[in-house]
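Colleague: Sequence first, predicted model second:
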Amino acid sequence: MSVISYKGIEQLTEDNYESWSLKVYGYCMGQGWAAKVLEAEEPQEAGPKAEWVKLNAQCYAFLCQTISPTQLLAYRGIYNAKEIWTSLRTRYKVTSEAKKVEFFDELAKINWQEGESLQAYFTRVRTVKQKCEEVGRQVSSHEVCFYLLRGVTRPEFDVTKSVLRQNAKLTLQEAELALLERERECSSVLATDAVKAYAVDKRSGVKPRSQRFERKCWGCGSSDHELKSCPKKAKQSKITCFSCGGEGHVSRVCPSNRPGKAREANLAASKGEKKSSKKSQQSTEANLTTVAKKKEYHAYSVDRSRQKTVDRSRQKTACAVDGHCCF
C-alpha cells in the first residue's frame with residue numbers, strides 16, 4: 001500500500017517506481033532542480049557552486065521525504081541529489097520491467113471466481129490495472145474490457161458479452177453496468193420461477209420442495225425400507241419375543257395370537273385392584289377415626305351442658321332460701 005509522504009507523493013516502493021519518478025521529476029522541474037541538479041554536474045566555479053549547493057540541499061531534502069526510511073539507510077553519507085536519483089533509477093528500472101510483465105500477466109489470467117460477487121470481481125480487475133499503471137505498463141480501456149469479459153465464464157452472460165464486444169468504444173464502467181443489469185435480470189427470473197412453482201404446488205395440494213419429506217431408514221439411510229425392517233439392524237442385534245420366543249420382533253408386534261397380551265392386562269388389572277383396595281381401606285379407617293372423634297366430642301358437650309343445668313338449679317334453690325335473687 002502506498003503511503004502519502006510529502007507534497008501528495010507516495011513513498012517509493014518496489015512496485016511504484018515509474019509513477020513515483022514521474023511525480024518527483026515533475027515537482028523538481030517546477031522548482032528548478034531538474035536542470036540544475038538532477039541533470040547537471042557539480043560546478044567548480046565559486047559563484048555557480050554556491051547556488052548549486054543551495055539547490056542540491058533543497059532537492060536532497062525533498063528526495064529524503066519521498067523515500068522510505070529503510071531505503072534511505074542505503075544512501076547514508078551521500079548528499080548529492082543527482083547521485084541518489086541515478087542510483088534509484090538503476091536499481092528499480094530492471095525490477096520495474098519485470099513487474100510490468102508480471103502484473104499484465106495477472107490481468108490477462110483474471111477470472112470471476114465461484115461464490116464471488118460481481119462487485120468484488122470488478123474491484124480485483126481495477127486493482128490489477130492500477131498496479132500495471134504504477135509500474136509504467138499502460139493498459140488501454142479496450143484491453144481491460146476484453147480481459148474483464150473473458151473472465152466471466154457463466155453461460156447466462158454470453159449474450160451480454162457478445163453485445164458488449166461489438167462496441168469499439170466500450171469503457172470499463174459501461175461493461176460493469178451492463179453485467180450488473182444482466183445479473184439483476186437473472187435474479188428476478190429465478191425469483192419468479194420459485195414463486196410460480198410454489199403457487200402450482202399450493203393449488204395441487206403438494207407441499208413445496210423444501211418441505212417435502214422422503215421416508216427413509218434412519219439406520220442405514222436407504223429409502224427402500226423403514227427402520228423397523230432394516231436388515232442391517234437385524235444383523236447387529238437379535239431381538240427375542242417374550243410371547244412366542246421368536247427372534248426379530250417384540251411381543252407387542254408378535255404375528256401370533258399374542259397370548260401375552262391378556263396376561264399383561266390381567267396383571268395390570270390385579271395391580272390396579274390391589275392399589276384401589278388399599279386406598280379404600282385407608283379411606284375407611286380415616287372415616288372411622290373421624291366419626292369416633294365426633295362422637296367423643298358430642299358426649300363431652302352433652303355432659304358439660306347437663307352439669308351447667310344442675311349448677312344453675314342449685315344456685316336458684318340457695319337464693320330462695322336466703323330470701324334474695326341473684327338474677
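Modeller: Yep, it's here. Residues are numbered from 1 along each chain as shown.
Colleague: Could you tell me which ranges of the stretch 1-150 of the chain sit under the pLDDT cut-off?
Modeller: 1-7, 94-96 (pLDDT under 70).
Colleague: Which residue ranges of it form helices?
Modeller: Assigned by DSSP state H, counting those that start in this stretch, the helices in the stretch 1-150 of the chain fall at 17-31, 33, 46-65, 69-72, 81-108, 118-134, 141-151.
Colleague: wait, isn't I9 in contact with Y25?
Modeller: No - contact criterion Cβ atoms under 8 Å: I9 and Y25 do not qualify, at 10.8 Å. Heads up, the C-betas are built off the backbone N, CA and C, glycines and all.
Colleague: Who has more neighbours out of these two?
Modeller: I9 (19 against 15; other Cβ atoms under 10 Å).
Colleague: So what sits opposite the more buried one in the bridge?
Modeller: Y6 (DSSP bridges).
Colleague: and it, what does it touch?
Modeller: W20, K23, V24, Y27, T66 (Cβ atoms under 8 Å, 6 or more residues apart in numbering).
Colleague: Now for the residues you listed: which two are most distant?
Modeller: W20 and Y27 (10.9 Å; Cβ to Cβ).
Colleague: higher neighbour count, the two?
Modeller: Here W20 and Y27 are compared on neighbour count by other Cβ under 10 Å; more neighbours surround W20, at 22 against 18.
Colleague: ok, that one touching E10?
Modeller: Yes - with contact defined as Cβ under 8 Å, W20 reaches E10; the gap is 6.7 Å.
Colleague: anything in contact with each of these two?
Modeller: Here W20 and E10 have T66 as joint contacts, going by Cβ under 8 Å, 6+ apart.
Colleague: Would you mind giving the domain segments of this structure?
Modeller: If you go by automatic domain parsing, the domain ranges for the chain are 4-103, 110-191.
Colleague: Mind putting those domains into JSON lines with distance to R312?
Modeller: JSON lines is the format used below for the domains of the chain (distance: least, Cβ to Cβ, whole Å):
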{"stretch": "domain 4-103", "distance to R312": "121"}
{"stretch": "domain 110-191", "distance to R312": "103"}
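Colleague: Looking at those domains, spot the one closest to G245.
Modeller: domain 110-191 (60.3 Å).
Colleague: Off-centre distance for that closest one?
Modeller: Centre-to-centre, domain 110-191 and its host chain are 27 Å apart (Cα atoms, centre = their mean, to the nearest Å).
Colleague: Equivalent analysis for stretch 292-303, please.
Modeller: 81 Å.
Colleague: what comes up buried for it?
Modeller: By neighbour count on 16 or more other Cβ atoms under 10 Å, the buried set for stretch 292-303 is empty.
Colleague: Quick one: mean pLDDT for that stretch?
Modeller: For stretch 292-303, mean pLDDT is 72.
Colleague: CA-only coordinates of that stretch in PDB, if you can.
Modeller: The C-alpha coordinates for stretch 292-303 follow below in PDB (Å, rounded to 0.1, in the frame of the first residue of the first chain):
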ATOM      1  CA  ALA A 292     -65.200 -41.600  66.700                       C
ATOM      2  CA  LYS A 293     -63.700 -38.200  67.400                       C
ATOM      3  CA  LYS A 294     -67.000 -36.600  66.600                       C
ATOM      4  CA  LYS A 295     -68.900 -38.900  69.000                       C
ATOM      5  CA  GLU A 296     -66.400 -38.300  71.700                       C
ATOM      6  CA  TYR A 297     -66.800 -34.500  71.300                       C
ATOM      7  CA  HIS A 298     -70.600 -34.800  71.300                       C
ATOM      8  CA  ALA A 299     -70.600 -36.800  74.500                       C
ATOM      9  CA  TYR A 300     -68.300 -34.200  76.100                       C
ATOM     10  CA  SER A 301     -70.600 -31.400  75.000                       C
ATOM     11  CA  VAL A 302     -73.700 -33.100  76.400                       C
ATOM     12  CA  ASP A 303     -72.100 -33.800  79.800                       C
END
